[in-house]
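Enquirer: heads up, no residue letters with this:
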């Protein structure tokens, strides 16, 4: 499960407003973990986090942006003791960008095989 939030800067103020890119945002919300609809990397927090980040990267590019527009990520884990595995995958994608990142523990997701959910916010001038 993942969510990609895209924002644009309001050129007349310092405020940011959300905008909707149906070809990128809606598609990103419909993906399952694996291309065939199954859960990718069952039981593997690192593998599931990498897959979420791959999907986010695809959605960001489809929106005409790049990963360096990602300013914040949120990683939700069903077992917070596994945060280092998720952080390793996150670091592989964002080592040069270093967005603000939050890790939180959740009770669970709709599908019990899902161990992680990743959200990302992008900011771009348009």
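Expert: That came through, no problem. If you're wondering where the values come from, they're calculated on a predicted model, not measured in any experiment.

Enquirer: can you give me the buried ones in whichever helix in the chain runs longest?
Expert: When the chain is parsed with DSSP state H, its longest helix is helix 45-62. Residues of helix 45-62 classed as buried by neighbour count (16 or more other C-beta atoms under 10 Å): 45-53, 55-57, 59-60. C-beta: built from backbone N, CA, C; applies to glycine.

Enquirer: want to try CSV for those residues, with distance to residue 107 and pLDDT as columns?
Expert: Shown next, in CSV, are these (distance: C-beta to C-beta, whole Å; pLDDT from 0 to 100):
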residue, distance to residue 107, pLDDT
45, 16, 95
46, 21, 96
47, 22, 94
48, 17, 93
49, 19, 93
50, 23, 93
51, 22, 92
52, 19, 90
53, 23, 91
55, 23, 86
56, 23, 87
57, 28, 89
59, 26, 84
60, 29, 85
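
Enquirer: where does the nearest residue to residue 51 once chain neighbours are set aside fall, phi/psi-wise?
Expert: Excluding its sequence neighbours, the residue lying closest to residue 51 (C-beta to C-beta, 6 or more residues apart in numbering) is residue 40, at 4.3 Å. With angles defined as degrees, to the nearest 10, residue 40 sits at phi -70, psi 140.
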